[in-house]
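Undergrad: Have a look; sequence and predicted model below, questions after that.
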Amino acid sequence: MDHSVTTSLLYLDGVSVSFDGYKALRGLSLTLAPGEMRAIIGPNGAGKTTMMDVITGKTRPDEGDVLFGGTHDLTKLDEAQIAELGIGRKFQKPTVFESQSVDDNLLLALKAPRGALATLFGKPAPDTRLRIDQILETTRLKDHRHRMAADLSHGQKQWLEIGMLLAQDPKLLLVDEPVAGMTDAETAQTAELLRAIAVDHSVVVVEHDMTFVRDLGVKVTVLHEGAVLAEGPLDVVSADPRVIEVYLGR
Amino acid sequence: MNPATDRLIDTRGYIFLAVLSAAAVLVPILTLVIPDESAFAMPPYLVALFGKYLCFALLAVALDLVWGYCGILSLGHGAFFALGGYAMGMYLMRQIGTRGVYAHPVLPDFMVFLNWKELPVAWWGFQSFPYAMAMVLLIPGLLAFIFGWLAFRSRVTGVYLSIITQAMTYALMLAFFRNDMGFGGNNGLTDFKDLLGFNVQATETRVALFVASCIALGGGYLVARAVVTSKFGKVVIAIRDAESRTRFLGYRVETYKLAVFVLSAMMAGLAGALYVPQVGIINPGEFSPANSIEAVIWVAVGGRGTLVGAALGAFMVNWGKTFFTGALPEYWLFALGGLFVLVTLFMPKGVIGLIDQYKVRRASKKPTAEG
Amino acid sequence: MTRYAQGRAPARVQAISLQSQARNRFIETFSLLLAAAFVLMAALLIAPKARAQSPTDVLTYLTTDRFPDTERALNEIGTSGLATAPQIVEALAANRLLFDAAARKLYFADESGALFDAATGAPAAGISPDDLKRVRLNNAVRRSLNAARGALTLMSPDPARRRAAAEAVFKSRDASALPLVESALEKESTPAIRKKLEEARAAIIAADASAPEARRLESLETLKERGDQDALGTLATIAAASEGRVKTSAEAGVAAIQSRLAMWRNVQNVWYGLSLGSVLLLAAIGLAITFGVMGVINMAHGEMVMLGAYTTFVVQEWARTNHPELMNYSLFIAIPLAFLVTGAVGIFIERVVIRFLYGRPLETLLATFGISLILQQAVRTIFGANNREVSAPAFMSGSFDFGALSIGYGRMWIIVFAMAVFAALLFVLRATSFGLRMRAVTQNRRMASSMGIDTNRIDALAFGLGSGIAGMAGVALSQIDNVSPNLGQSYIIDSFMVVVFGGVGNLWGTLLGALTLGVANKFLEPVAGAVLGKILLLVFIILFIQKRPRGLFALKGRAVEA
């Protein structure tokens, strides 16, 4: 094992996934340092969502290594175990628990014992209220805490989901297209929110929106056809002729 | 977290429990205290009929717990109900003793008839009431555990799960129809004599069973309510609405589903156990897939995800069944079939949903009327 | 388990052959008197050559009231040239052969009780049956009697009866029939019957301990070649009764036949399984469209099958009263009609109920279950709750032999029909523009709609197609099942199992699923019994779904998640 494995938070090496002959990932390799924030871009079908699926245990890779914190083999664990290790995920389409209140959504996400017995008979930790209030503050949802999640606007749902990620307090956040369908103002606020989160968490953001990626101002990885095409600061990457070719066509 | 919805007993629940308590008090008075010739006297057959409805209501509450709150549409809950019923039936058979046609001290009549010499192992211990009651809960619970463990672990969901639960009860029906299963085959278990030393036919026993059913339904409701209002319940609802999201939050979805499924199966088993002495028979027909689907429509009619609605639906549909099969037997299946179609098309939230809608409309009208 | 299966199944085969034996004997008895004249001529023809005793001696033996004499008389009557031999033998079989012990005269009575002189066949006037005694039978005599009856028909002009007679001799292995068999062999020109006669001769010689060993061994080979249940029985008896090389050879024959029969038993299981599988396929294939392709859980699917069966009934009733000449072809009218009727009902249901429930599978399940109750009760109200009689046309009754297997035309045509329906459906989906549109709609509704496909129309037609196929299945099922309002219910769970097992959305999966379940069922039945076999299969499928939640031919990847 080389040095990068043991010091990295997330380590993907030679990961391949195929669905009925279609290769969604072909030998993807990626390393994320602890505390790092990374933006992942790439055209449709580049394998961004599949990569998220592999990391969170939804999809098992056909081959390749996926290690978390240098020791945990994510290919052997299921979604719940991976979430317990400290990997949180925000979906492309906002998925919150629509028929429950904003408060309850956060309560469910809040870091606490996940077992059936604990939730059935256990008492909430004393600081529960406080932590939820903090998150409501951060995500600007304080006035909506008793509303049903279904009644929130699209942008509010996105924030609620980010808030749920915060509540989970994971070591690594995977955020899939957080600003899709948002207004410019909301987009800017979201970037701000993510940067604030990145202070004490590692974050992987998948996004199409170049302005947003620029706002983040972090290292960028370009995926294409299931493998890494280029990696580096956005300015460098966007000057790469291969990236230009992929994005603009010949 | 949410004061309005997290209370163990909400307004609806108070009304429901009040009605149940009133029934548990009034029915014994009307039947036993008031003289028969009085206009208020309640004939014993009505007691048994309402007692039967109470058992169905408990089955409906159990089904609502898995379907309404966890999104598992079980088309096999009749199997748990029937298993509970068989466990009770076996106790009642063993109580017959030498009063059977063949007067065998240990073997029930049908075993003597089949020329069996020894009591099958499955029947051991059923002469003891506590043992039988434990089995009433354990056998459906165990089946639900094994079945659920296999199904939920492999993430069989939605209609697939519904179809295999249906196959489960169908397979059990076929099995119980066989004589060599040792549960009375076609005819099932019947000709019961007494329960805990009381004659099952006696009016007093019927009234006692009625009251027991009221208590079971009330208790079942409270247990279900306690579950769904806890954080556990919130997780279960989260699973219903967004299963994979819940999984990514770190909850073991299959454990939760399994816990709810097993609890629900045990409640269904209890309902079956109370049902059998009140109707006096249990046979393999109770496993028929159609019975299980009928129970689903009770829940749908009343309003799923409301518990009280499920019980209400069970009462309404079964009252309708009693009425139709008495007055217009030809039309009962038309009515039931029509109910299935109409409820799914026009009343997705059932009767309780209609009431809520009406309340909301009235509440929104009020301010304008005043202003 | 396997040993148990081998132990049980032969009993079944034996039962079948016993049944056909009984039927043969029945036919024999009834036609014997008719053919008596011909037999008589044949008997006269061979009489000079094979005669052992004078006809009168035979008659005398029958009047001694001693079993050995009766037996002897029976052994010789076939070659005695006696004109009344057939009547005598039949009368004895029917306990109507009487004798006057003092006068040593033999009489036989006909069914009405009238007496005839056994020597001449002329009515015997002035004799009262009360003065006569009955010729008695015991088991040994009965055996000779059967052999005699067989021998007497060996010369029949009717090939079917000669064949049956040769079989009878084969089974009796009566040494006394040997001369008759030999002479019959000389005359026989039909190869199949010659073979039967040779086998009969072989059975007699092989069982005859006094025959030369070389001939016995040669005969054993013939028996071994025959290779059926009867040959097995014969060889086993010979093996038990003989010693030395004959015993070893017979034992080897038993082993060879047993393995051959085991093979045929498997072939039979496969055949019955394919037959059951094609029934399942017919019932499930419509569901493969509505559930598999459209994702609609149609619990009323079984009722569509039932409606198809009732359509067949109505067509037949119409033909019976108005056009009896069409009776044999009523199925050909019923098939398209059932398709149209159930297809129309399906389209109606889709338009009125199901289209409002797309994307809500559990609600669809409940609503269609309601529809199934309504349809059942409607049919019960119109046609009554009892089973309705649908008769089989001539081309579907009867059977033919294939090796050791008897293949019924009914089963065969249902398999052919199922495969034809499958092929037609595959063609519609793959090669027509409707099929293309339907696949487009199921794969991406919005895209298809924006390309100008009328998705509502396609939904309705696809549902109509699935229902119509169920109706055609009903026509076929009316031939093998009771036509009652409950017909559909007995198939719905099986159909769902087939579709789920085969893999949703894949017609080939449905085909393979249906045939696999059918064959598995038939292989399980002899081991576990019909009901337990079915339970085992249900349990198997429940477990199978755990392993492969999306069936044998599962689609993988993103498309499934939607």
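TA: Happy to help now that I have it.
Undergrad: centroid residue for the chain?
TA: Answering for chain A, as no chain was given. residue A:174 (1.2 Å; C-alpha atoms, centre = their mean).
Undergrad: if you could check chain C rather than the one you did, that'd help
TA: The centre of chain C sits closest to residue C:408, judged by C-alpha atoms, centre = their mean, with a distance of 5.3 Å.
Undergrad: In a helix, residue A:221, correct?
TA: No: counting by DSSP: H, G, I helix; E, B strand; the rest coil, residue A:221 is not part of a helix but strand.
Undergrad: Settle this for me: it is touching residue A:234, isn't it.
TA: No: with contact defined as C-beta atoms under 8 Å, residue A:221 does not reach residue A:234; the gap is 10.6 Å. Every residue, glycine included, has its C-beta placed from N, CA and C.
Undergrad: Could you report the neighbour count for residue 122?
TA: Since no chain was named, I'll use chain A. Using other C-beta atoms under 10 Å in any protein chain shown, the number of residues around residue A:122 comes to 14.
Undergrad: actually it's chain C I care about, not the one you picked
TA: 10.
Undergrad: So in terms of bridging, what pairs with the spatially closest residue to it that is not a sequence neighbour?
TA: Nearest non-adjacent residue to residue C:122, counting by C-beta to C-beta, 6 or more residues apart in numbering or on different chains: residue C:116, 6.6 Å away. Assessed by DSSP bridges, residue C:116 has beta-bridge partners residue C:108, residue C:123.
Undergrad: Need the per-residue pLDDT for residue C:116.
TA: At residue C:116, the predicted lDDT confidence score is 84.
Undergrad: what separates it from chain B, distance-wise?
TA: Between residue C:116 and chain B the distance is 53 Å, computed by C-beta to the nearest C-beta, to the nearest Å.
Undergrad: about what we covered before: for residue C:272, see how far away the residue nearest to the centre of chain C is.
TA: For residue C:408, the distance to residue C:272 equals 10 Å [C-beta to C-beta, to the nearest Å].
Undergrad: sorry, back to before: verify the stated contact: the residue nearest to residue C:122 with residue C:83.
TA: No: between residue C:116 and residue C:83 there is no contact under C-beta under 8 Å: 11.9 Å.
Undergrad: gap between residue A:147 and chain B?
TA: Residue A:147 sits at a distance of 11 Å from chain B (criterion: C-beta to the nearest C-beta).
Undergrad: Pretty sure residue A:104 is one of the things that residue touches, is it not?
TA: No: under the criterion of C-beta under 8 Å, residue A:147 is not in contact with residue A:104, lying 10.9 Å apart.
Undergrad: Looking at these two, which one has more neighbours?
TA: residue A:104 (24 against 14).
Undergrad: Tell me the secondary structure at the more buried one.
TA: Look at residue A:104: counting by three-state DSSP, its state is helix.
Undergrad: Give me the neighbour count for residue 240.
TA: If you meant another chain, say so; for now it's chain A. Using other C-beta under 10 Å, the number of residues around residue A:240 comes to 15.
Undergrad: nope, chain B please
TA: The local packing of residue B:240 (other C-beta under 10 Å) involves 20 other residues.
Undergrad: Identify the residue nearest the residue of chain C found nearest chain B in space, chain neighbours excluded?
TA: The minimum distance from chain C to chain B, using C-beta to the nearest C-beta, falls at residue C:370 (2.4 Å). Distances taken as C-beta to C-beta, 6+ apart place residue B:340 nearest to residue C:370, at 2.4 Å, with adjacent residues excluded.
Undergrad: Same check on residue C:206?
TA: residue C:219 (3.9 Å).
Undergrad: hang on, the earlier thing: just the local confidence number for the residue nearest to the centre of chain C, please.
TA: 82.
Undergrad: is it true that it touches residue C:395?
TA: No: the pair formed by residue C:408 and residue C:395 falls short of the contact definition of C-beta under 8 Å, at 11.7 Å.
Undergrad: residues from chain A in reach of chain C?
TA: Within reach of chain C by C-beta under 8 Å from any C-beta of the partner chain, chain A has these residues: A:19, A:20, A:22, A:24.
Undergrad: so of those, which ones are in helices?
TA: Taking DSSP state H, every one of those sits outside helices.
Undergrad: So of the residues you listed, which two are at opposite extremes in space?
TA: A:20 and A:24 (10.4 Å; C-beta to C-beta).
Undergrad: Compare the two and say which one has the larger neighbour count.
TA: Between residue A:20 and residue A:24, residue A:24 has the larger neighbour count (other C-beta under 10 Å), namely 25 against 9.
Undergrad: Sketch out the helices for chain A, chain order is fine.
TA: Going by DSSP H, chain A shows helices at A:3-7, A:48-56, A:79-85, A:102-109, A:116-121, A:128-138, A:154-168, A:184-198, A:210-216, A:234-239, A:241-248.
Undergrad: Over to the stretch 101-250 of chain B?
TA: B:109-113, B:129-153, B:158-177, B:203-229, B:231-241, B:243-248 (DSSP state H, counting those that start in this stretch).
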